[in-house]
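1. sequence first, then the predicted structure, then my questions.
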Amino acid sequence: GAVVSQHPSRVICKSGTSVKIECRSLDFQATTMFWYRQFPKQSLMLMATSNEGSKATYEQGVEKDKFLINHASLTLSTLTVTSAHPEDSSFYICSATGTGWAEQYFGPGTRLTVT
Amino acid sequence: AQKITQTQPGMFVQEKEAVTLDCTYDTSDPSYGLFWYKQPSSGEMIFLIYQGSYDQQNATEGRYSLNFQKARKSANLVISASQLGDSAMYFCAFHSGGSNYKLTFGKGTLLTVNP
């Protein structure tokens, strides 16, 4: 299967600071990338859909000014959590898919802890 | 809106036996896809198997097979010859043909394989 990396795998930051998470497709061109959030013992909730060169499409209830998404190339998307607060602590996971593909391939996830 | 349901919060199976994880969905779209992903305790989402709504045959991938019953709107995952490494969360996911491949996930089933 296709490989997607995510960096960092874990991050601890102080309340009020911003954190950037990178998602890279290593062996394919990702025309679309997705960002999900997962709370403990819960399912994945889609936050936004990102197409290369376009503005991200956010799901209802997700603050676009707080969760900034950039998909500047066919292999890289970034999620920046701005002015993070403890309630933003969660597992953030990205996925990527190529043109015409049905399946999405997921990165290993980033565990964010805001103190 | 599409809805996907996994009714088994937890399942137990003896090593080397087969197990079926249930998944039902609700949609009025004629074209859609169904997926199963495995999430071990490390957090990564591992793609297992895909079934398209127009596929005539049930999908199979090694020890995984998908029991697709379109009229009943069910897409159960069958794992044959369970192994200890199969212990993980299993998520069923759905996307409709016109949704830009956005996935909607079920709540998941925690599978424990006993030696």
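-> That came through fine.

2. so which residue of chain B comes closest to chain A?
-> Closest approach between chain B and chain A, counting by C-beta to the nearest C-beta: residue B:45, at 3.7 Å. For glycine as for every other residue, the C-beta is placed from the backbone atoms N, C-alpha and C.

3. quick check: that residue touching residue A:106?
-> Yes - counting by C-beta atoms under 8 Å, residue B:45 sits close enough to residue A:106 to count as a contact (3.7 Å).

4. got any residues that touch both of the two?
-> A:93, A:95, B:37 (C-beta atoms under 8 Å, 6 or more residues apart in numbering or on different chains).

5. and which of these is nearest to residue A:67?
-> residue A:93 (13.5 Å; C-beta to C-beta).

6. how far away is that closest one from chain B?
-> 6 Å (C-beta to the nearest C-beta, to the nearest Å).

7. identify the residues contacting the spatially closest residue to residue A:81 that is not a sequence neighbour.
-> Distances taken as C-beta to C-beta, 6 or more residues apart in numbering or on different chains put residue A:19 closest to residue A:81, at 4.8 Å, once the chain neighbours are dropped. Counting by C-beta under 8 Å, 6+ apart, residue A:19 touches A:11, A:13, A:80, A:81, A:84, A:112.

8. low-confidence ranges, chain A, go.
-> A:1 (pLDDT under 70).

9. flag every residue of it that's near chain B.
-> A:1, A:32, A:34, A:42-46, A:49, A:57, A:91, A:93, A:95, A:97, A:101-109, A:111 (C-beta under 8 Å from any C-beta of the partner chain).

10. one step back: so how do I select the buried members of the shared contacts of residue B:45 and residue A:106 in ChimeraX?
-> Buried residues among the shared contacts of residue B:45 and residue A:106 (16 or more other C-beta atoms under 10 Å in any protein chain shown), as a ChimeraX selection:
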select /A:93,95 /B:37
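
11. out of the shared contacts of residue B:45 and residue A:106, flag the one nearest to residue A:65.
-> For the shared contacts of residue B:45 and residue A:106, the nearest to residue A:65 is residue A:93 (21.6 Å; C-beta to C-beta).

12. thought the closest one was touching residue A:106?
-> Yes - under the criterion of C-beta under 8 Å, residue A:93 lies in contact with residue A:106, with a separation of 5.9 Å.

13. list residues touching both of the two?
-> Joint contacts of residue A:93 and residue A:106 (C-beta under 8 Å, 6+ apart) are residue B:45.

14. about what we covered before: among the residues of chain A next to chain B, which ones are in strands?
-> A:32, A:34, A:44-46, A:49, A:57, A:91, A:93, A:95, A:97, A:105-106, A:111 (DSSP state E).

15. which of those residues are buried?
-> Judged by 16+ other C-beta under 10 Å, buried ones among these: A:32, A:34, A:44, A:46, A:49, A:91, A:93, A:95, A:97, A:105, A:106, A:111.

16. and the first one, what does it touch?
-> The one in question is residue A:32. So residue A:32 contacts A:49, A:50, A:51, A:52, A:96, A:97, B:100, B:101 (C-beta under 8 Å, 6+ apart).

17. for the contacts of residue A:19, which one is nearest chain B?
-> residue A:112 (12.3 Å).
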